[in-house]
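S.K.: With the sequence up front, the predicted model follows.
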Amino acid sequence: MRAIRRTDTKPEVALRHALHQMGYRYRKDYRLDLDGGKRVRPDIAFTSRKVAVFIDGCFWHSCPDHGSKPRVNEFYWAPKLLRTVERDRAADAALIIAGWKVVRLWEHVPLDDAVAAVLAALGGGAATASGQQGTPGTPPGTPGA
Ligand SMILES: [Zn+2]
């Protein structure tokens, strides 16, 4: 039997802790009301930079490596899991339309990689290759010529 723990899963706590130690400030389980009445609750939200981070459980979100379909009661689980994935995609789309950057991490991702992915989305450090989303407004602190 699987215990269902919804809040503060370990990888999430570790990531939050690491980001906090690096001086980043964020909201946890912050509910966003997007256009069209869509409500999304990222695990970690950087509201000023509009970066939403989700740490997806391998089972619930059907990770390609660990999200093997339960054999028992498959008729019960399959639609549930499918719905979760569909909800994820709909949330991503709504966030992107609203000008957010979405970072989705599987819970099995090593902490260092998770931190790197979040920092890249935040546009800090040397990450310049990704994140050209054409968001309105220019980030503050850009060195001008
Ligand atoms: Zn996994």
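M.R.: Here it is on my side, so go on.
S.K.: Is the residue nearest the centre of the chain in a helix, a strand, or coil?
M.R.: The centroid of the chain falls nearest to Phe54 when counting by Cα atoms, centre = their mean (2.1 Å). Following DSSP: H, G, I helix; E, B strand; the rest coil, Phe54 is assigned to strand.
S.K.: Contact partners for the closest residue to it other than its chain neighbours?
M.R.: In this structure, Phe54 finds its nearest non-sequential neighbour in Arg104, 4.9 Å apart by Cβ to Cβ, 6 or more residues apart in numbering. No exception for glycine: its C-beta is placed from N, CA and C like everyone else's. Neighbouring residues of Arg104 by Cβ atoms under 8 Å, 6 or more residues apart in numbering: 53-54, 56, 88, 92.
S.K.: so how far is the ion from Arg104?
M.R.: Look at Arg104 and the ion: by Cβ to the ion, to the nearest Å, they are 12 Å apart.
S.K.: so that residue sits in a helix?
M.R.: No. Per three-state DSSP, Arg104 lies outside any helix segment and is strand.
S.K.: For it, give me the pLDDT.
M.R.: Arg104 is assigned 97 on the pLDDT scale.
S.K.: helix or strand for Val118, which one?
M.R.: helix 111-122 (DSSP states H and E).
S.K.: What count of nearby residues applies to Cys58?
M.R.: Each residue near Cys58 was counted by other Cβ atoms under 10 Å, and the total is 15.
S.K.: just to revisit the earlier point, return the distance of the residue nearest to Phe54 relative to Val51.
M.R.: Distance, Arg104 to Val51, using Cβ to Cβ, to the nearest Å: 12 Å.
S.K.: near the ion, which residues of the chain show up?
M.R.: By the rule Cβ under 5 Å from the ion, the part of the chain lying against the ion is 58, 63, 65-66, 106, 108.
S.K.: Please repeat the previous calculation with a cut-off of 8 Å.
M.R.: Within the chain, the residues that sit near the ion (Cβ under 8 Å from the ion) are 58, 63-67, 106-108.
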